[in-house]
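J.: sequence first, predicted model second:
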Amino acid sequence: MTHLELRNITKAFGGFEVIRGVDLAVNKGEFLVFVGPSGCGKSTMLRMIAGLETITGGQLVIDGAVMNDEAPVKRGVAMVFQSYALYPNMSVRQNLAFGLEQARMPKPEIRERVEAAAETLKITPLLDRRPGALSGGQSQRVAIGRAIVRDPDLFLFDEPLSNLDAELRVHMRVELKALHARLGRTMIYVTHDQTEAMTMADRIVVFRDGQIEQIGSPLELYNSPVNRFVAGFIGSPQ
Ligand code: ADP
Ligand code: MG
């Protein structure tokens, strides 16, 4: 079943097109990975899906409904940023609760969701700390927690592990996949890490200059890259 559909999506900044006619259907529950060189439009694409960036042309369809102009909350989407984007003056608990409080969710339910997310991410002992007192890995867990508490249908991850050291990245990779298996939600994950893409993806989307170069399972792309560009990104023999 199709969850998200991009129909001929374009995005221009000041007359310059950075997304140039992207068509893509994302299956419900799929773990989709976006790869491509810096500046090819991966973050812009995620931000448009999340509703954080206007869409210049085309249609963004979620569960069959055109969502181009809907507010982020209406889309059932939550995004996790590379930079964590935590509120420095709030405790971890407040960081997790903030979005739900804004949405006027009843307090007991907020508490329940925050505690469940904290447990999932093993950050319960950190709930009363401020972001300034957290390591990079802990901060990223809080950032992921902030998405989980909203219980979105679609998670968007923009290079979430790239500020972590190599060992922690490997560990978090496994945890994120476990989270995906457990929640069964659709996830779109941007990375520049070949191993992450190959090990995590159901399908990989290779972007180049604002367009899709190839889509396929890790094995399909590895064995049958359409050109040297894709081969280079996937690490297949050239
Ligand atoms: P990626 O995430 O793949 O590295 P981005 O989506 O960040 O790429 O950027 C794609 C292109 O859009 C780049 O050329 C970038 O400079 C440009 N761009 C991104 N955001 C803006 C913006 N707010 N204003 C102008 N240009 C932007
Ligand atoms: Mg980016």
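T.: Cool, the structure landed. Ligands and ions are numbered 1, 2, ... in the order given.

J.: for the rest of this, base every contact and every neighbour count on C-alpha atoms.
T.: Will do.

J.: give me the number of residues near M105?
T.: M105 has 12 neighbours, counted by other CA atoms under 10 Å.

J.: just confirm it is within a strand.
T.: No. Assessed with DSSP: H, G, I helix; E, B strand; the rest coil, M105 is coil; it does not lie in a strand.

J.: can you list the weak-confidence ranges in this structure?
T.: For the chain, the stretches with pLDDT under 70 are 238.

J.: helices along that one, start to end?
T.: Along the chain, counting by DSSP state H, helices occupy 42-50, 92-102, 107-120, 136-148, 166-183, 194-200, 218-223, 228-234.

J.: quick check: G21 vs V35, distance?
T.: Using CA to CA, to the nearest Å, G21 is found at 17 Å from V35.

J.: who's more crowded, those two?
T.: V35 (26 against 18).

J.: got a list of what that one touches?
T.: K42, V190, T191, H192, A197, I204, V205, V206, F207, F233 (CA atoms under 8 Å, 6 or more residues apart in numbering).

J.: likewise M172?
T.: L161.

J.: what does V61 give?
T.: Contacts of V61 (CA under 8 Å, 6+ apart): L4, E5, L6, R7, M67, N68.

J.: again, 10 Å this time
T.: T2, H3, L4, E5, L6, R7, A25, I49, M67, N68, R75 (CA atoms under 10 Å, 6 or more residues apart in numbering).

J.: quick check: bridge partners of it?
T.: E5, V66 (DSSP bridges).

J.: out of the contacts of V35, which touch ligand 1?
T.: K42 (CA under 6 Å from any ligand atom).

J.: ok, so of the contacts of V35, who is nearest ligand 1?
T.: Lowest distance from ligand 1 to the contacts of V35 (CA to the nearest ligand atom) belongs to K42, with 3.8 Å.

J.: about what we covered before: want to try a markdown table for the helices of the chain, with distance to A85 as columns?
T.: Converted to a markdown table, the helices of the chain look like this (distance: least, CA to CA, whole Å):
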| stretch | distance to A85 |
| --- | --- |
| helix 42-50 | 14 |
| helix 92-102 | 10 |
| helix 107-120 | 17 |
| helix 136-148 | 7 |
| helix 166-183 | 18 |
| helix 194-200 | 22 |
| helix 218-223 | 31 |
| helix 228-234 | 29 |
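
J.: nearest to A12, out of the ones you listed?
T.: helix 42-50 (10.2 Å; CA to CA).

J.: mind putting the contacts of V35 in CSV, neighbour count included?
T.: Formatted as CSV, those follow (neighbours: other CA atoms under 10 Å):
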residue, neighbour count
K42, 27
V190, 25
T191, 21
H192, 16
A197, 24
I204, 26
V205, 26
V206, 23
F207, 24
F233, 20
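
J.: pick the one among the contacts of V35 closest to L221.
T.: Using CA to CA, the contacts of V35 come closest to L221 at I204, 7.9 Å.

J.: returning to that earlier point: by neighbour count, which of the contacts of V61 wins?
T.: Counting by other CA under 10 Å, top hit in the contacts of V61: I49 with 27 neighbours.

J.: how close does the closest residue to that one other than its chain neighbours sit to C40?
T.: Sequence neighbours aside, L60 is the residue nearest to I49 in space, at 7.2 Å (criterion: CA to CA, 6 or more residues apart in numbering). In this view, L60 and C40 are 19 Å apart by CA to CA.
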